[in-house]
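Novice: build me a structure from this.
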Amino acid sequence: MNAQVLGISVDSVPCLEAWAESLGGISYPLLSDFWPHGAVAERYGVLRDEGKAERAIFIMDREGVIRYVDVHDIDDQPDNEVLLDALRRIDPDAAAQEPAWWQAEDAPLPSGGVVMYCTRWCPDCRVAGQWLEERGIEYTEVDVNASPRAARQVREWAGGRLVTPTFDIDGTIVVDFDVERLTSLLA
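Specialist: Presented below is the predicted three-dimensional model:
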């Protein structure tokens, strides 16, 4: 949609590199606001007194004017559909260039067996995937950030929240990494 994503953190470059590696790579540039510590976060009004930055999203237009701000809890997953709607309002011409796979509503979601809906950044998703692999359980992984339809489905199952991991085990839904329930269903 003619947008450039940048990640910025008050952490050092080696810390950002390790974080990106732990996620299996990041597809956008990561910037370090380490020295002078938090100078950029402070200018944007999101530096906490203890020296950490809030989790915040800023969308700027082509002239550099901030057109959208979202400051939310560090553990909350930003809703990509909300961000895409903001981008569509800011630049309607770019919205017309959205990739077809993002718009495809008729592509079916996987079903049958074990399907794990997850995100690449979620620590519980990584642990759940490892847990399944250690038990020799085959599963299909669906990234809710790559599929608006999958994200909407998970929200429907989870009472409006985007909870990852969420599992579809032959039609039985398990919201979150509930080891006891998964063990009973997969035994």
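Novice: name the element E17 belongs to?
Specialist: Using DSSP states H and E, E17 sits in helix 13-22.
Novice: what about dumping the CA coordinates of that helix to CSV?
Specialist: What follows is helix 13-22, C-alpha atoms only, in CSV (Å, rounded to 0.1, in the frame of the first residue of the first chain):
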residue,chain,number,x,y,z
VAL,A,13,21.7,-2.7,17.9
PRO,A,14,22.9,-6.1,19.2
CYS,A,15,19.7,-6.4,21.2
LEU,A,16,17.6,-5.6,18.2
GLU,A,17,19.5,-8.1,16.1
ALA,A,18,19.0,-10.8,18.7
TRP,A,19,15.3,-10.0,18.9
ALA,A,20,14.9,-10.1,15.1
GLU,A,21,16.7,-13.4,14.9
SER,A,22,14.5,-14.9,17.7
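Novice: show me what the helix or strand just after that helix is packed against.
Specialist: Counting by DSSP H and E, the next helix or strand C-terminal to helix 13-22 is strand 30-32. The contact analysis (3 or more C-beta pairs under 8 Å, 6 or more residues apart in numbering; DSSP states H and E) places strand 30-32 against strand 7-9, helix 13-22. C-beta: built from backbone N, CA, C; applies to glycine.
Novice: strands paired with the first one, and their directions?
Specialist: For strand 7-9, the pairing partners within the sheet under DSSP bridges are strand 30-32 (parallel).
Novice: now the partner strand: buried residues?
Specialist: By 16 or more other C-beta atoms under 10 Å, the buried positions in strand 30-32 come out as L30, S32.
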